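>>> Quick one: sequence and predicted model below, then my questions.
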Amino acid sequence: MYNRLSPGKRGYTDEFLAGVEEFVNYACTLPVYESTNTIRCPCSKCKNRVHLSADEVRVHLYKKGFEPYYWVWTCHGEPIPTVNEQFQETRNESNQYETMVFDVGGSSFIPFNVLNNQEEDPHTSAKDFYDLLSTARQPLSPSCVEETELSYALKMMNIKATFNIPQLAMDQIFEYNKHIMGSDNRVPSRYYDSEKLISKLGLAHEKIDCCINSCMLYYKSDINDRQCKFCGEPRFKPRSPNCTRGKEVPKKRMHYLPLIPRLQRLYASPSSAEHMRWHYENRRQPGVMCHPSDGEAWKHFDSQYPDFGADPRNVRLGLCADGFSPFGLNAKSYSCWPVMVVPYNLPPSMCMTPPYTFLTCIIPGEHNPKANIDVYLQPLIDELQLLWETGVLTYDVSLQQNFMMRAMLMWTINDFPAYGMLSGWQTAGKLACPYCNHYTKSFYLKNGRKTCWFDCHRQFLPMDHPFRRNRDSFIKQRVEKSRPPRIWTGEELLANVLMFPKITDGPIGRLEGFGCSHNWKKRSIFWDLPYWKDNLLRHNLDVMHIEKNVFDNIFYTVMDVKGTRKNKDTPATRLDIKEGTSLSHGDSLFFGTLKEIVEVEYPNIPLKKVVLFNCEWFDPTPNTDQEEPLIMLISILRLINKIAYMCQQMM
């Protein structure tokens, strides 16, 4: 199909014309063509990135020819030939350490010349794979055939971690073991050598220098810059006058763990590869929800992008982010922000468990990144764009096939402050609620001096709900008749935020209309994903933070714990409650609060002890009237002492 032009360029060859027709006829049988009447164009210009009609694809191929080296139509559903059964049987008969090496290698280390029996030197990645496999197969020494170099290194590292042995002591142990094992042995000379060996089993990570003020990353085209292009801060710490050798130390550095190799390993490991299709092969009854695939967001995305949903091996992801203090609450204030990514293809028993929760970014402190968190998410967004637009060639060990793995980010999960950091909507002030937007019914507490959203939730109830007509349990004498604010579509939100700048383009000041007509602080980096506007749910609040915060506020208030902001029983709160709400039903009235409860002992009376209440609605001064005529005083049985007029027994 690459022999396009006849000699002398006088026309197309019959071979090429037949190849184009064969390809178009094959592509038109795909499910995506039946639903959208379009197919990916494999011409040398489009390179499978553009969907066109069959006739347009045919014209493109006539004019520009096929994309180079596109022998197997992987982007159009054709599976790559798998390795032969003999190669797989060799793997199945291997020991557990060989299995570990194969899981690490996946398809990237499986040479295709196994299929056609060609004798060639292994390429670099295959050579590394065979070297690692050799450490899992070769005996440690002629006298110790049951152990290998890899098994020995793994067990010694486990011993060091279990008993917290210093590295210097481990070096002595390695040196002594190598001495007693004889001349022909494969024992590492030092602990560092075993670390290098075991590190090949792990996944790569990147260290990316950052601006000390979180303005930019020294990444991609800015990788060689020596100072921030926005604030001018130097990239590296100043050297001491006596230090002339060694590498320069950056002022701030983030760690990024690439996502693509971790997703590929899910398909390279037999323990997880088969389960990655669980969401498709285990359909539940309608109305039963036990997995994200049962939800409307999953089904809505499949209806928007049927070509993505047609392959159950494509991965759906969720992103979680939150800050914590790695040194404890009593240490110096330091906020470190890990960013986790979770694949949702797995069954409920595996989904969101620690082995399948991938740490992708570690955003350094010591301060909260706030809106600048987008700066640190740039490498992850670049990978997500690659996974969506073209995909990556991945080997599925369960089906023994290579396929183009694609992935999409469904939503983020975080607490409310992190919601504002990721979405770009400021979660403070009068317009803090992203659903109410400028239709908010929030009000300002005169005494508490803060914005309150009390009784804003009744508008979301059904119109015939009895709570809408309740005048006593919410704001006094208020009946809720309004309907809930409408939900904005993704296209409307995108059109709204496109006028705002991105934080990755430089520092952003106060935007026009902020706090009055909108609460946007920036355009979130997630809008760079071409499908983000079509997600039904873009940001979610996690239940754990909501439950914990509500419980803490109730517990600290009921137990009257002093000296904490979680105790909401303050004088200002009492005054606001008295003015705006009714806390009781029926004829009961809220008089106020008790200022003080005192127990007084009198030696000349039989009871010995008297309980005294100092109430804010009653003036105990003799010969004074009650402060509010409509409130009846609690009956006073007797005065204990006319001089001590504060000491009145009340029942």
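Structure received.
>>> From here on, just use CA atoms for contacts and neighbour counts.
Will do.
>>> what are the ranges of the helices in the stretch 401-550 of the chain?
Applying DSSP state H, counting those that start in this stretch to the stretch 401-550 of the chain gives helices spanning 416-423, 490-497, 543-558.
>>> quick one, the longest one and helix 416-423 angle?
Interaxial angle of helix 543-558 relative to helix 416-423 (axes from the mean of the first three to the mean of the last three C-alpha atoms, to 10 degrees): 150 degrees.
>>> CA atoms of the first helix or strand past helix 543-558 going along the chain as CSV?
Beyond helix 543-558 on the C-terminal side, the first helix or strand identified by DSSP states H and E is helix 571-580. The C-alpha coordinates for helix 571-580 follow below in CSV (Å, rounded to 0.1, in the frame of the first residue of the first chain):
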residue,chain,number,x,y,z
PRO,A,571,-21.3,35.0,72.1
ALA,A,572,-21.5,36.3,68.5
THR,A,573,-23.1,33.0,67.3
ARG,A,574,-25.7,33.2,70.1
LEU,A,575,-26.7,36.7,69.1
ASP,A,576,-27.0,35.8,65.4
ILE,A,577,-29.1,32.8,66.2
LYS,A,578,-31.4,34.9,68.4
GLU,A,579,-31.9,37.4,65.7
GLY,A,580,-32.4,35.3,62.6
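>>> Pull out the buried positions in helix 571-580.
Neighbour-count burial for helix 571-580 flags 575, 577 (criterion: 16 or more other C-alpha atoms under 10 Å).
>>> Just the C-alpha atoms of the following helix or strand past that helix, please, in CSV.
Scanning forward in sequence from helix 571-580 by DSSP H and E, the next helix or strand is strand 594-601. The C-alpha coordinates for strand 594-601 follow below in CSV (Å, rounded to 0.1, in the frame of the first residue of the first chain):
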residue,chain,number,x,y,z
LEU,A,594,-27.1,31.2,80.5
LYS,A,595,-24.0,33.4,81.1
GLU,A,596,-22.9,31.5,84.2
ILE,A,597,-23.8,28.6,86.5
VAL,A,598,-22.4,28.9,90.1
GLU,A,599,-22.7,26.6,93.0
VAL,A,600,-22.7,28.5,96.4
GLU,A,601,-22.4,27.0,99.9
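>>> just the helices of the stretch 401-550 of the chain: most buried one?
Stretch with highest mean neighbour count among the helices of the stretch 401-550 of the chain: helix 416-423 (a mean of 21; mean count of other C-alpha atoms under 10 Å).
>>> Arg469: which of the helices of the stretch 401-550 of the chain is closest?
helix 543-558 (26.1 Å; C-alpha to C-alpha).
>>> any idea of the mean pLDDT in that closest one?
Helix 543-558 shows a mean pLDDT of 88.
>>> which strands and helices sit next to that helix?
Counting contacts by 3 or more C-alpha pairs under 8 Å, 6 or more residues apart in numbering; DSSP states H and E, helix 543-558 packs against no other helix or strand.
>>> before we move on, the earlier item: with distance to Val342 as extra columns, can I get the helices of the stretch 401-550 of the chain in a markdown table?
Below are those laid out as a markdown table (distance: least, C-alpha to C-alpha, whole Å):
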| stretch | distance to Val342 |
| --- | --- |
| helix 416-423 | 17 |
| helix 490-497 | 23 |
| helix 543-558 | 17 |
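>>> Out of these, flag the one nearest His438.
With C-alpha to C-alpha as the measure, helix 490-497 is the member of the helices of the stretch 401-550 of the chain nearest His438 (13.6 Å).
>>> hmm, who's touching that closest one?
Contacts to helix 490-497, defined as C-alpha atoms under 8 Å, 6 or more residues apart in numbering, come from residues 520, 522-523, 527, 532-536.
>>> Can I get that helix as PDB, trimmed to CA atoms?
This file holds the C-alpha atoms of helix 490-497, laid out as PDB (Å, rounded to 0.1, in the frame of the first residue of the first chain):
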ATOM      1  CA  GLY A 490     -20.000  22.300  29.800                       C
ATOM      2  CA  GLU A 491     -20.100  24.500  26.700                       C
ATOM      3  CA  GLU A 492     -21.500  27.500  28.700                       C
ATOM      4  CA  LEU A 493     -18.800  27.100  31.300                       C
ATOM      5  CA  LEU A 494     -16.000  26.800  28.700                       C
ATOM      6  CA  ALA A 495     -17.300  30.000  27.000                       C
ATOM      7  CA  ASN A 496     -17.300  31.700  30.400                       C
ATOM      8  CA  VAL A 497     -13.800  30.800  31.400                       C
END
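>>> quick one: which of the contacts of helix 490-497 has the most company?
Counting neighbours by other C-alpha atoms under 10 Å, the top entry in the contacts of helix 490-497 is Lys522, with 28 neighbours.
>>> Excluding covalently adjacent residues, which one is nearest to that one?
Spatial nearest neighbour of Lys522, chain neighbours left out: Gly424 (5.2 Å); criterion: C-alpha to C-alpha, 6 or more residues apart in numbering.
>>> For the one you found, give its distance to Ser524.
The gap separating Gly424 from Ser524 is 5 Å, by C-alpha to C-alpha, to the nearest Å.
>>> ok, now Lys47?
For Lys47 relative to Ser524 (C-alpha to C-alpha), the value is 29 Å.
>>> ditto for Glu22
For Glu22, the distance to Ser524 equals 44 Å [C-alpha to C-alpha].
>>> neighbour-wise, which of those two wins?
A count of neighbours by other C-alpha under 10 Å puts Ser524 above the other of Glu22 and Ser524, at 25 against 12.
>>> give the contact list for that one.
Going by C-alpha under 8 Å, 6+ apart, Ser524 touches 374, 422-424, 502-503.
>>> now do Asp542
Applying C-alpha under 8 Å, 6+ apart, the residues near Asp542 are 413-415.
>>> quick one: what helix or strand has Tyr334 in it?
Judged by DSSP H and E, Tyr334 forms part of no helix or strand.
>>> So it is in contact with Pro364, correct?
No. The pair Tyr334 / Pro364 is not scored as a contact, 9.0 Å apart, by C-alpha atoms under 8 Å.
>>> Neighbour count for the two, which is higher?
Neighbour tally, Tyr334 and Pro364, criterion other C-alpha under 10 Å: the higher count belongs to Pro364, 20 against 17.
>>> ok, that one to Val342 distance?
The gap separating Pro364 from Val342 is 21 Å, by C-alpha to C-alpha.
>>> for Ile373, same thing?
Applying C-alpha to C-alpha, the value for Ile373 to Val342 is 19 Å.
>>> And Trp73, by the same measure?
Using C-alpha to C-alpha, one obtains 30 Å as the distance from Trp73 to Val342.
>>> The two - which one has more neighbours?
Counted by other C-alpha under 10 Å, Trp73 and Val342 do not tie: Val342 has more neighbours, with 22 against 14.
>>> I'd guessed that one sits against Gly318; true?
Yes. With contact defined as C-alpha under 8 Å, Val342 and Gly318 form a contacting pair (5.1 Å).
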